[in-house]
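Asks: My questions are about this predicted structure, shown below with the sequence.
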Amino acid sequence: MQLVAICLALFLFSTEADFQAQFVAGLKALNQKNLPAAKTALQAASRMQPANARVWVALAQTYWRLKEPALAADAASKAEKLGAEDPATLRALAFFYGEQKKFSKAGDMEASCAAKDSQDTSAVTRAMADYLQADQPKKAIDVALATTGWEQRADIRNLLGKAYEADGQILKTLPELREAVQLKPDDESYYFDLLQSLLNHFNFDIAIRIGEEGRRRFPRSGQIALATGVAYYGAFQTDPAADAFLDTIALDPTIEQPYLFLLRMINDAHNKLPARMPEIEQRFVEYQEKNPGNYLGYFLHAKALTAESKEPEQAESLLRKSIALNAKYWESHYDLGLLLTKRSALVEAEKEFRRSTELNPKDPVVHYHLFRALAVLGRTEEAQAELAVQRRVYAEYEAYMNQQTGGIKRLDMTLVDPSEPQTGH
């Protein structure tokens with residue numbers, strides 16, 4: 001009897017050793033992207049231990065990468081049934097479903113993992129992020145509020161604010177994002193998320209206050225400086241907006257947005273920026289020199305020159321270079337048309353304006369300049385037709401802007417005092 005027990009123990013040890021050898025070999029091959037070898041080894045392991053959930057989830061990943069979706073789905077289903085109580089299996093399944101962009105299913109796995117493993121404190125935020133990716137904010141909210149101690153976790157409060165916004169519960173959004181900042185004030189991303197939401201809801205005055213607070217805390221952050229500049233721009237505070245955008249460029253000259261906002265400011269209110277134009281031009285020149293293969297740098301440099309009414313020949317050359325690098329950017333054609341008009345090269349100007357309208361057909365200003373060029377060239381019938389187009393486009397543009405303006409709902413920021421922590425929920 002004792003001999004039988006010893007033999008059985010040796011057999012079981014041998015079987016377990018064989019299983020481990022195949023399983024480890026399969027995982028190693030999967031990690032090295034040797035999918036045929038991974039498939040062979042993991043299939044062998046699954047025959048030895050068909051109730052092992054971790055083998056099935058590894059097989060599911062292997063089948064998926066081998067483009068065998070039916071086998072992958074079947075293996076994942078077995079893993080889910082067999083490993084419903086195993087956090088490691090649940091985490092692996094979440095990764096598997098996330099790889100397929102099945103974010104709702106991934107969220108379900110992470111939510112189950114959070115419920116099974118109290119030590120995995122990030123499972124709840126992974127579940128929330130997956131549910132937000134799946135456009136299921138209510139599930140993200142439910143997971144957050146079911147988590148013990150969620151009130152004191154900045155990561156949950158931040159995602160909860162985003163979930164409320166996605167769910168249309170706008171009045172709950174900003175207090176949660178602000179609370180995340182209060183709980184973890186040294187996390188730059190929480191400041192940026194709060195700023196972004198304030199800008200989205202046209203709360204420019206509060207965004208300026210939060211932005212300046214963030215800039216004091218994160219003086220090397222280009223993103224915080226940029227968001228603060230956008231807030232000043234939205235509040236029609238030209239000087240501090242220009243300062244913030246120039247600061248952003250000094251902190252990180254690779255970010256394109258501050259150049260584009262400065263460009264917009266030149267278009268909208270260049271008469272308010274004369275003192276800053278030399279520095280703006282210098283920044284545009286530096287961008288061009290550092291990005292010789294990018295059309296935008298040449299366009300920016302040309303725009304600065306034309307805004308200061310100097311060196312039209314160089315500006316024209318720069319615009320032609322910009323077009324050579326990217327012939328589909330409408331504004332380069334438009335600005336070239338304006339320069340050509342100034343030197344009475346109307347035949348060429350008409351071609352540039354026409355190309356600009358083809359690339360940007362919804363801008364009434366471009367259509368207007370094409371109409372004027374055609375009229376001066378004596379092409380009266382074409383000019384009248386273009387004027388009709390311009391009037392129609394302008395009416396559509398005006399109706400759109402009225403609709404957008406009517407739809408703006410600025411949040412009542414008395415609901416969240418940005419200078420104090422919020423405790424009522």
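Replies: Cool, the structure landed.
Asks: pLDDT score assigned to P278?
Replies: Here the pLDDT value assigned to P278 is 89.
Asks: Run through who's touching stretch 284-298.
Replies: 249, 253, 256, 259, 262, 300-301, 303-304, 318-319, 321-323, 325-326, 329, 332 (CB atoms under 8 Å, 6 or more residues apart in numbering). In short, each C-beta sits where N, CA and C put it, glycine included.
Asks: any idea of the mean pLDDT in stretch 147-162?
Replies: Computed over stretch 147-162, the average pLDDT equals 96.
Asks: ends of that stretch, how far apart?
Replies: Chord length of stretch 147-162, first to last residue, is 17 Å (CA to CA, to the nearest Å).
Asks: Which positions within that stretch qualify as buried?
Replies: Using 16 or more other CB atoms under 10 Å as the test for burial, stretch 147-162 gives T147, R153, A154, D155, I156, R157, N158, L159, L160, G161, K162.
Asks: Sitting in helices, which of these do you find?
Replies: Of the buried residues of stretch 147-162, the ones assigned to helices by DSSP state H are A154, D155, I156, R157, N158, L159, L160, G161, K162.
Asks: quick one: what helix or strand has the residue lying closest to T380 once chain neighbours are set aside in it?
Replies: Distances taken as CB to CB, 6 or more residues apart in numbering place L374 nearest to T380, at 7.9 Å, with adjacent residues excluded. Here L374 sits within helix 364-376, counting by DSSP states H and E.
Asks: Rounded mean pLDDT for that helix, please.
Replies: Throughout helix 364-376, pLDDT has a mean value of 94.
Asks: Which residues outside that helix are in contact with it?
Replies: Under the criterion CB under 8 Å, 6+ apart, residues 330, 334, 337-338, 341, 346, 349-350, 353-354, 356-357, 360, 380, 382-383, 386-387, 389-390, 393-394, 397 lie in contact with helix 364-376.
Asks: buried ones in that helix?
Replies: Within helix 364-376, the residues scored as buried using 16+ other CB under 10 Å are P364, V366, H367, Y368, H369, L370, F371, R372, A373, L374.
Asks: Heading C-terminal from that helix, find the next helix or strand.
Replies: helix 380-407.
Asks: tell me the mean pLDDT over that following helix?
Replies: According to the model, helix 380-407 has a mean pLDDT of 82.
Asks: Compute the inter-axis angle for that helix and helix 364-376.
Replies: Interaxial angle of helix 380-407 relative to helix 364-376 (axes from the mean of the first three to the mean of the last three CA atoms, to 10 degrees): 170 degrees.
Asks: how distant is the helix holding L374 from the center of its chain?
Replies: Average the C-alpha atoms of helix 364-376, do the same for its chain, and the two points are 37 Å apart (CA atoms, centre = their mean, to the nearest Å).
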